[in-house]
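Student: Just a sequence and a predicted model for now, questions to come.
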Amino acid sequence: MSEFRGKVLRALSWTAGGKVLSQVISMGFGIALARMLTPDDFGLIAMMVVFTGFAGLLTDVGLGSALVQRRDITESHYNTVFWANLGMGAGLCLALLLLSPYIADFYKRPELTGVGYVMSVQFVLGALALVPRQRLVKTLVFKTIAVADLVGMIVAGIVAITMVHQGFGYWALAWHPVILRLVATAYIWLSARWVPEFEFSMLALRDLFGFSFYVFATRVIRFVTDQADKLLAGRFLGGEAVGLLDKAQSMMLFPLQNISHTVGSVMFPALSMVQTEKERVRSIYLRSTQAIALLTFPMMAGMFAVADAFVLGVLGPQWEGLVPVLRILCIAGIARSIVTVTGAVYLSQGKAKLQFKVNLLTRPIALGGVVAGLPWGIEGIAIGATAANLVNSYITLRVAGSLINLTVWQLIRGFLKTAVASIAMAACVITMQPFLAEVHPLVSFLVQVISGVAVFALFAIMLRIDSVL
């Protein structure tokens, strides 16, 4: 037990530390780029990401998760998955090269043809990195992964800033993810010390496919519905609308990527190791969600409260239209921060098929919310998506909880005090804003953040919120 706990805590420490540092650096570069470029530049890249992100799912098809979840994995499985993914990655790279002109025609933005050519390289790089990365994940060796992502983030950010200064504009945003993947992949390969053999076994592929198919199908359904807002906004509202929507989502997802996704990435292999012990799985999941809430709830509530000062003071006046969209999405972010880690419960229990069935119910609801809000612009899209997210969160939490004998109320009760403290903190910060009306937005933002941290700490002490770490 102590050895297992130690491995999990070390993995979580490296993942969390690397993720937080990488995302802080990423946000720094993102803010710098946002001040130098326009919402339309970001929207242009977001339009192509709708397609590159979807195609990127195909380079895994859930086989990476199957390698982690299965206990009886052999070298034959690793070799087969590597060559299968590399073949798919190369095929998708070629497909995007051929389809880029048609994607440009769909959006009526001819610049997207060249953007697609550049971003297509990601498929091959992603396929090359998958198996070495999953071998490290399976054994909870997250140090190498954290360093690889950090180095990739730094190099890619420096190159992007340099390209903007040299007058390349949106091309810096197109090359950024390619360079990040290239550097991270090279580091993983140099550190993993694994070389695939020329072996391909259909038996090994079939052995994994029963589990991986439903993981892949779930990811596809979720990705399509998650990207529907930008696809529709790009087609009917234009590049600036997509840029604002994409930036609002990236700001909202910042706490999720640093905390929820970090915990979830470690929870999956950790819960897979004790998958037959339901009480231990339940206990780990419950403590993990409480820890997530303690960090993400005040972050999301605080972002809601300081959105105006943050956007004007940090990003610049060209992003003013971001404020209402960001505030709306922060509400959805509170629920998403908890729901994100339910995937670890489904997969660790071998219930990928059940997760797929749940998504067959929840994803149409998410798509319906986006479509319903489209006539009212990006604010309508944000409201519709948020309403659908709240409904879907309840459904997902209830079904996932049933696998480990955990009700939604038991889950909520674990972080109810944190929610109350976060709401009270946001209310206090909003109340003080009229007194900062004449102050520069950047100064106002810093004052509100410092005050918010102090107020939340005070409420946490008053409500006696227990530490779960």
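Tutor: Perfect, I can see it now. Numbering: from 1, shown residues only.

Student: wait, isn't residue 225 in contact with residue 371?
Tutor: No: in this structure, residue 225 is not within contact of residue 371 by C-beta atoms under 8 Å, at 10.4 Å. Where C-beta positions appear, they are placed from N, C-alpha and C, glycine not excepted.

Student: More neighbours: which of those two?
Tutor: When residue 225 and residue 371 are compared on other C-beta atoms under 10 Å, the one with more neighbours turns out to be residue 225, at 22 against 14.

Student: so what's the more buried one up against?
Tutor: For residue 225, the contact set (C-beta atoms under 8 Å, 6 or more residues apart in numbering) comprises 363, 364, 366, 367, 370.

Student: buried subset of the residues you listed?
Tutor: 363, 366, 367, 370 (16 or more other C-beta atoms under 10 Å).

Student: Would you mark the buried spots in the helix or strand containing the last one?
Tutor: What it means is residue 370. In this structure, residue 370 sits in helix 352-373 according to DSSP states H and E. Residues 352-356, 358-359, 362-363, 366-370, 372-373 are the ones in helix 352-373 that count as buried (16+ other C-beta under 10 Å).

Student: cool, stretch 403-412 as well?
Tutor: For stretch 403-412, by 16+ other C-beta under 10 Å, it's 403, 404, 406, 408, 411.

Student: roughly how far out does that stretch sit from the chain middle?
Tutor: Remark: stretch 403-412 is offset 24 Å from the chain centroid, using C-alpha atoms, centre = their mean, to the nearest Å.

Student: So what would you say the end-to-end distance of that stretch is?
Tutor: 17 Å (C-alpha to C-alpha, to the nearest Å).

Student: same thing with stretch 304-324?
Tutor: End-to-end distance (C-alpha to C-alpha), stretch 304-324: 9 Å.

Student: what's next to that stretch, contact-wise?
Tutor: Taking C-beta under 8 Å, 6+ apart as the rule, stretch 304-324 contacts 31, 34-35, 38-39, 240, 244, 247-248, 251, 303, 326-327, 330-331, 378-379, 382, 425-426, 429-430, 433, 436, 440-445, 448-449, 452.

Student: next one: stretch 424-438
Tutor: Contact with stretch 424-438 is made by 298, 301-302, 304-306, 308-309, 443-444, 447-448, 451-452, 455-456, 459, as judged by C-beta under 8 Å, 6+ apart.

Student: how does it look with 10 Å?
Tutor: Outside of stretch 424-438, the residues within contact range by C-beta atoms under 10 Å, 6 or more residues apart in numbering are 297-298, 300-306, 308-309, 330, 439, 443-445, 447-449, 451-460, 462-463.

Student: Report the buried residues of that stretch.
Tutor: For stretch 424-438, the neighbour count (16+ other C-beta under 10 Å) marks 424, 425, 426, 428, 429, 433, 436 as buried.

Student: Which helix or strand contains the nearest residue to the second one once chain neighbours are set aside?
Tutor: This points to residue 425. Computed as C-beta to C-beta, 6 or more residues apart in numbering, the closest residue to residue 425 that is not its neighbour in sequence is residue 456, at 4.2 Å. Under the criterion of DSSP H and E, residue 456 resides in helix 441-462.

Student: Give the other helices and strands that that helix contacts.
Tutor: Secondary-structure packing of helix 441-462 (3 or more C-beta pairs under 10 Å, 6 or more residues apart in numbering; DSSP states H and E): helix 278-310, helix 416-432.

Student: what's the angle from that helix to helix 278-310?
Tutor: Helix 441-462 runs at 150 degrees relative to helix 278-310, counting by axes from the mean of the first three to the mean of the last three C-alpha atoms, to 10 degrees.

Student: can you dump the C-alpha coordinates of helix 441-462 into CSV?
Tutor: What follows is helix 441-462, C-alpha atoms only, in CSV (Å, rounded to 0.1, in the frame of the first residue of the first chain):
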residue,chain,number,x,y,z
PRO,A,441,-7.4,47.7,-15.5
LEU,A,442,-4.1,45.9,-14.9
VAL,A,443,-3.7,47.4,-11.4
SER,A,444,-7.4,46.7,-10.7
PHE,A,445,-6.9,43.1,-11.8
LEU,A,446,-3.9,42.5,-9.5
VAL,A,447,-5.7,44.1,-6.5
GLN,A,448,-8.8,41.9,-7.1
VAL,A,449,-6.7,38.8,-7.4
ILE,A,450,-4.8,39.4,-4.2
SER,A,451,-8.0,40.4,-2.3
GLY,A,452,-9.8,37.3,-3.7
VAL,A,453,-7.1,34.9,-2.5
ALA,A,454,-7.2,36.5,1.0
VAL,A,455,-11.0,36.4,1.2
PHE,A,456,-11.1,32.8,0.1
ALA,A,457,-8.5,31.8,2.6
LEU,A,458,-10.6,33.5,5.3
PHE,A,459,-13.8,31.8,4.3
ALA,A,460,-12.0,28.4,4.1
ILE,A,461,-10.8,28.9,7.7
MET,A,462,-14.3,30.0,8.9
